[in-house]
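> What would the 3D arrangement of this be:
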Amino acid sequence: MKHHTSYLTVTTSKQKEMLNITPAVSEALAKSGIREGLCLVNSMHITSSVFINDDEGGLHSDFMDWLESLAPYDRKKYRHNLTGEDNADAHLKRTVMGREVVVAVTAGKLDFGPWEQIFYGEFDGRRPKKVLIKIIGE
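Residues are numbered from 1 along each chain as shown. The predicted model follows:
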């Protein structure tokens, strides 16, 4: 079995943002030479997420609004922020949206359903963060 590891560095321009990283993952897959297998895409930071959904701006705004209603930014609301941090809401948002995705690789391509794309969700941004892309197969 072959394997390939790539790292994507993401720096968002906003504190909270969603970015389509499908092209970068597809590029890593092409470099791997793997035709059949699995592709893991994992956020390596506890205030960001990787998830699969539709690439539609209204939906992304809905996600951000919904997450903000679940875990609003508030420096005084969370015990975690008593440590000097102010990002407890970002940790909670990450937990809801998830840490990673696994996508089947078929005939050298990411094997998605209709409309599916891979997204990086940033909830405490404006600094470089890493995403792991690990591909295994033949």
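> how much space is there between Ile21 and His80?
27 Å (C-beta to C-beta, to the nearest Å). (Glycine included, C-beta is placed from N, CA and C.)
> Nearest residue to the middle of the chain?
Note on the chain: the residue nearest the mean C-alpha position is Val50, at 1.9 Å, using C-alpha atoms, centre = their mean.
> and the next element down the chain from the helix or strand that one falls within?
Assigned by DSSP states H and E, Val50 belongs to strand 48-54. Remark: after strand 48-54, the chain's next helix or strand is helix 57-70, criterion DSSP H and E.
> contacts for that following helix?
Residues outside helix 57-70 that contact it (C-beta atoms under 8 Å, 6 or more residues apart in numbering) are Lys16, Met18, Asn53, Asp89, Leu92, Lys93, Val96, Met97, Phe119, Gly121, Phe123.
> Might you report the residue contacts of the fourth one?
Neighbour list for Asp89: Glu68, Ala71, Pro72, Tyr73, Asp74, Lys77, Tyr78, Phe123 [criterion: C-beta under 8 Å, 6+ apart].
> so where is the chain shaky, pLDDT-wise?
Residues of the chain meeting the criterion pLDDT under 70: none.
> Could you count how many residues lie near the residue lying closest to Leu110 once chain neighbours are set aside?
With sequence-adjacent residues excluded and distances taken as C-beta to C-beta, 6 or more residues apart in numbering, Leu110 is closest to Val103, at 4.9 Å. Burial of Val103 is recorded as 20 neighbouring residues (other C-beta atoms under 10 Å).
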